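Trainee: After the sequence you'll find the predicted model.
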Amino acid sequence: MLERCLWKWRLLVLLLPLALPPAGLAAQSMPRPMSRPDQPQAGARMDPYFTAINYPLAQGTLMVMALPDFQMARTGPAFTTTMEMAEYGITPRWSAGLMAEEQRVSGLAATFGGLRFNTYFRLLARDHVLHFTLYGEFEDLNQAALYKMEVSGFGGEDLVGSLAAARNAPARTFEQRAIVYHDWGRLNATFNFISETGLETHDNAFGYAWGLFRQPAAMGMAGDAGMAAMPPLLSLRRLGLGVEMMGALGDNHHFGLYWHRQQQYLGPVFSYAPLPRWSLRLEPAWGLSAVSDPFVLRMGLEYTVDDFARRLARAF
C-alpha cells in the first residue's frame, strides 16, 4: 500500500510542471517583490551539492528533485538507488522537505528503502562572514536502504544477508547537522558536521561533508525576468563546477578520523541549467578508503517553482 502511494506521489511530482501556469503568464499576472542589487534573486542560489547542505530555499519556492545513483559495491554486486525529494521555503530562513528512496541490487527485486523528513533553519538574518544553519532529519528507513545521503560511524553499508530480512528490519535515526558556509561572489564554500542518533540504540555516529563550488555565470537569470537574457543552450555560462567530499568520523565510543575503517568519498560536481527553472547535476565520486565502495555515480534532475502557493491557486 505504501509503495503504491509513493508511485502516485512520484507521478504528481512529474506532472507538477505541466499543471502550473506558464512561467511568462504567471509573471505577467503576479507582482514581484522588490529586491536589492546586492541580494540574489529568489531561487537564484540553489544548493549545488549532493551531500553538503547550505542555502535554505527562498520563501515560497518549491523544489522537486529526482536523484538516481549507480554504485559499485565493495562487497557483492553493483546496485542502483533513487531518491525523490520535495522541499519548500516556508520563510526566507526556514525550509522543510520530504524524501523517499528505493534501490535495486543487481539480480534482486527493487526495494523500498523508506522516507526522510527534514527541516533546516538559517540562524542569522543578515549576511555575515560566515552563515550558520541548523538541520534536522527524521529517517524512517529499513536496513535495505542504500542511498548515500551521508556516511558516518565505521565500516561499509553494502547489503549483506537476506534482502527480505533487511526490508523488515527498521533503521530509524535522527540526523542533526551544524552547517557553516560563505560566498565570495559566485564561489561557495560549505562545511557540514553530521551526527546520526539511532532511535533504537541511542548511539551516535558522526560524519562530515564539505564542498567548494563556482556557480554558473548565468546564475540569477533563470527567473521569469531573466528568461530572455539566458545564454545559448550550449554556452559554458550555464555550467557550474566544484568539488565535494564526504566521510565518517567515528561514533560516541571512538570519535575521530580512522581512515581505513571509515568510508571516505571525493569527486567533482557539475551543474547545468538547460532551461529556466531546470537544473542537471552530476558527481562521479571515488571511494578513498578500504571500506568505501570503489565508485559512485551521482545524478540529479531539479525543478524549482517560485511563488508556488500563488501559482497553484491560479491553476485551480
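Mentor: In hand now; what should we look at? Residues are numbered from 1 along each chain as shown.
Trainee: was I right about residue 59 contacting residue 88?
Mentor: No: with contact taken as CB atoms under 8 Å, residue 59 and residue 88 are classed as non-touching, separated by 9.4 Å. C-beta coordinates here come from the backbone N, C-alpha and C atoms, glycine included.
Trainee: In stretch 242-261, which of the residues would be classed as buried?
Mentor: Taking 16 or more other CB atoms under 10 Å as the neighbour-count basis, stretch 242-261 is seen to contain the buried residues 242, 244-251, 261.
Trainee: Output it as CSV, restricted to C-alpha atoms.
Mentor: Once side chains and other backbone atoms are set aside, the C-alpha atoms of stretch 242-261 remain, and they are given as CSV (Å, rounded to 0.1, in the frame of the first residue of the first chain):
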residue,chain,number,x,y,z
GLY,A,242,33.2,22.3,-8.0
VAL,A,243,34.3,19.5,-5.7
GLU,A,244,32.7,17.7,-2.8
MET,A,245,33.9,15.3,-0.2
MET,A,246,32.1,13.3,2.5
GLY,A,247,33.3,10.9,5.1
ALA,A,248,32.8,9.3,8.5
LEU,A,249,34.2,10.5,11.9
GLY,A,250,33.5,7.5,14.2
ASP,A,251,31.0,7.3,16.9
ASN,A,252,30.4,8.3,20.6
HIS,A,253,32.8,5.5,21.7
HIS,A,254,35.6,6.3,19.3
PHE,A,255,35.4,9.7,17.7
GLY,A,256,37.9,10.8,15.1
LEU,A,257,39.5,10.0,11.8
TYR,A,258,40.4,6.3,11.4
TRP,A,259,40.9,6.5,7.7
HIS,A,260,40.9,2.8,6.7
ARG,A,261,38.0,1.9,8.9
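Trainee: per-residue confidence averaged over that stretch?
Mentor: pLDDT averaged over stretch 242-261 equals 96, rounded to a whole number.
Trainee: What are the contacting residues of that stretch?
Mentor: Outside stretch 242-261, the residues within contact range by CB atoms under 8 Å, 6 or more residues apart in numbering are 48-52, 148, 150-155, 188, 203-214, 262-269, 283, 285, 288-291.
Trainee: Any idea how far that stretch is from the middle of the chain?
Mentor: On the basis of CA atoms, centre = their mean, to the nearest Å, stretch 242-261 sits 20 Å off its chain's mean C-alpha point.
Trainee: now do stretch 155-162
Mentor: Per CA atoms, centre = their mean, the centroid offset for stretch 155-162 relative to its chain is 23 Å.
Trainee: try stretch 176-189
Mentor: A distance of 15 Å separates the C-alpha centroid of stretch 176-189 from that of its chain, computed with CA atoms, centre = their mean.
Trainee: ok, now stretch 51-66?
Mentor: The chain centroid and the centroid of stretch 51-66 are separated by 8 Å, computed with CA atoms, centre = their mean.
Trainee: how about it as PDB, C-alpha atoms only?
Mentor: What follows is stretch 51-66 as a C-alpha-only set of coordinates in PDB (Å, rounded to 0.1, in the frame of the first residue of the first chain):
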ATOM      1  CA  THR A  51      25.600  15.600   0.500                       C
ATOM      2  CA  ALA A  52      26.600  19.000   1.800                       C
ATOM      3  CA  ILE A  53      23.800  21.400   2.600                       C
ATOM      4  CA  ASN A  54      23.900  25.200   2.800                       C
ATOM      5  CA  TYR A  55      21.200  27.500   1.500                       C
ATOM      6  CA  PRO A  56      17.600  27.400   2.700                       C
ATOM      7  CA  LEU A  57      15.100  27.800  -0.200                       C
ATOM      8  CA  ALA A  58      13.700  31.200  -0.900                       C
ATOM      9  CA  GLN A  59      10.400  31.800   0.800                       C
ATOM     10  CA  GLY A  60       7.500  30.400  -1.300                       C
ATOM     11  CA  THR A  61       9.800  28.300  -3.500                       C
ATOM     12  CA  LEU A  62       9.100  24.700  -4.200                       C
ATOM     13  CA  MET A  63      12.000  22.400  -5.300                       C
ATOM     14  CA  VAL A  64      11.400  18.900  -6.600                       C
ATOM     15  CA  MET A  65      14.300  16.500  -7.500                       C
ATOM     16  CA  ALA A  66      15.000  13.100  -8.800                       C
END
